[in-house]
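Participant: Sequence first, predicted coordinates after that:
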Amino acid sequence: MRIGVFLFGGVEMTDAGPGGTEPTERRYDQAAIEHAHRELLACGELAEQLGYDSYWLTEHHFQHEGYEVVPNGLLFGAFLAARTSRIRIGTMFNVVGQWHPLRLAEDFALLHNLSGGRGILGVGRGTVPREILPLTAGAVSVGSYDNPSAAAADALNREITEESLDVLDAALTNERFRHSGRHFRLPPPGIPDRGGEVEELTLVPRPRYPYETWQAITSPPTLRAVPTRGLGGVFWLKERRRLAADWHAFADTYEQVHGRVLARGERRMLVLNVAVADTRAEAMATVRAGHDEFWRFLAPYGWGRGYLGPDGRPADGDFVPTLEDSMAQGPWAVGTPADVAAHIGELDELLGLTDLVIFPAMPGDPYDRTRDQLRRFARDVLPLLPAGAGAPTADNAAAAVAVAVAVDTAAGTAPGPRPPR
């Protein structure tokens, strides 16, 4: 099982949770934002030391609320690559409609090559109209699958995303390429060059190493499109039975289109929110404000639709889950190391996990808590993951514990008690 770390990349807040400052009223200065950037680099270095496979941030813009303050995951990844040697680096997600696909291809290839093949290409359609509309001069927005008032924006966004992915593939995999579609004609006709006209393009550089492409899956059309294209699918914030249905539907579509049965967990990644403490009550108490701030951020965009509502049916776009809902329905693993390991074991039995990414820091969390959660998960949870379910071997688990203890000692903190194995 490859285990990565995903962070929103926000500023530290003293008033996270219900009753705090209204998000739209928050304004953070450049010192707070720069502090977050430096802490995020330090967390990436720590993640490598602790043995995590990958480290992911987001691409977001204009968020004066402080939730996500890294506008370019590829540029950030270049700084992290220079400070590390092994960990793979990805963005959840590069919002394709906000980029010219050739610039996205160039920037990714440069990061991938200079990092020695450690780049992961993450792509998605976006969430926030306030971001995508200014960056596209008002030409592209973000729709919602089940929001009829945004149907036209949704259809255009999907068209541009799919064609952009065609361009990305052509540019990254061919010595020479050209593309003629509804939204892009590359190269445009009539470009003069040294007495002739440009007929083809060559991306410089192109990836020297194999790479993976992962796309966010949050709607039925995307659930069909991603395996059809042959990309990896990323699943997050879904009630466990609905998650399992989508997880296996992805494999069915892949088999229908490509004529090959996917292996256990192949091309599917689960993101799981986690909180680890010495007792379940302590874990719930320390994560509750962050959980509620998480939903203050995302509920207005309708992300609660992945849950079940109080009537046991799929929730509508107005649903805001409690922490108890999130734990009971599966998207949050909260408790002791044994609790969290058991939660992962149940999901592994239900799905078959080979790629798990943990989300250990809630919006507004101090970065000291983020580092503590990274250490606790590596030191206390990894050794408890069920053998034979894609978990690390005993030797690898022991090595992870040794590294975590060494990092704790170097930081001047003593490792906490570990439950018996």
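Facilitator: Looks like it arrived, so ask away.
Participant: Gly4 belongs to a helix?
Facilitator: No. Under DSSP: H, G, I helix; E, B strand; the rest coil, Gly4 falls outside any helix and is assigned strand.
Participant: Now do the same contact list for the spatially closest residue to it that is not a sequence neighbour.
Facilitator: Distance criterion C-beta to C-beta, 6 or more residues apart in numbering; nearest residue to Gly4, sequence neighbours excluded, is Ser54 at 3.4 Å. Bear in mind the C-beta positions are built from the backbone N, C-alpha and C, glycine included. Contact partners of Ser54, counting by C-beta atoms under 8 Å, 6 or more residues apart in numbering, are 2, 4-5, 87-90, 120, 357.
Participant: go with 10 Å
Facilitator: 2-6, 47-48, 87-90, 118, 120, 212, 269, 355, 357 (C-beta atoms under 10 Å, 6 or more residues apart in numbering).
Participant: from these, which ones fall inside strands?
Facilitator: 2-6, 88-90, 120, 269, 355, 357 (DSSP state E).
Participant: Among these, name the buried ones.
Facilitator: Buried by 16 or more other C-beta atoms under 10 Å: 2-6, 88-90, 120, 269, 355, 357, out of these.
Participant: what pairs with the residue nearest to Gly4 across the strands?
Facilitator: Ser54 forms beta bridges with Gly4, Arg88, as assigned by DSSP bridges.
Participant: Now do it against Phe184, distance only.
Facilitator: 30 Å (C-beta to C-beta, to the nearest Å).
Participant: Show me the strands in the stretch 201-350 of the chain, by range?
Facilitator: Under the criterion DSSP state E, counting those that start in this stretch, strands of the stretch 201-350 of the chain are mapped to 213-216, 232-235, 268-276, 332-335.
Participant: Could you dump those strands into a markdown table with mean pLDDT added?
Facilitator: Shown next, in a markdown table, are these (pLDDT from 0 to 100):
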| stretch | mean pLDDT |
| --- | --- |
| strand 213-216 | 98 |
| strand 232-235 | 98 |
| strand 268-276 | 98 |
| strand 332-335 | 98 |
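Participant: now those in a markdown table, with distance to Glu324?
Facilitator: Supplementary listing: the strands of the stretch 201-350 of the chain in a markdown table, determined by distance: least, C-beta to C-beta, whole Å:
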| stretch | distance to Glu324 |
| --- | --- |
| strand 213-216 | 26 |
| strand 232-235 | 22 |
| strand 268-276 | 13 |
| strand 332-335 | 10 |
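Participant: Helices along the chain, start to end?
Facilitator: Using DSSP state H, the helices of the chain run over 30-49, 73-83, 101-114, 129-135, 151-173, 220-229, 240-258, 280-298, 323-329, 337-351, 367-376, 394-410.
Participant: mind listing what Pro221 touches?
Facilitator: With C-beta under 10 Å, 6+ apart, Pro221 has these contacts: 125, 145, 154-155, 158.
Participant: out of these, which are buried?
Facilitator: Judged by 16+ other C-beta under 10 Å, buried ones among the contacts of Pro221: 125, 154, 158.
Participant: Report how many residues lie close to Gly312.
Facilitator: By other C-beta atoms under 10 Å, 6 other residues sit near Gly312.
Participant: Can you check the pLDDT for it?
Facilitator: pLDDT, Gly312: 95.
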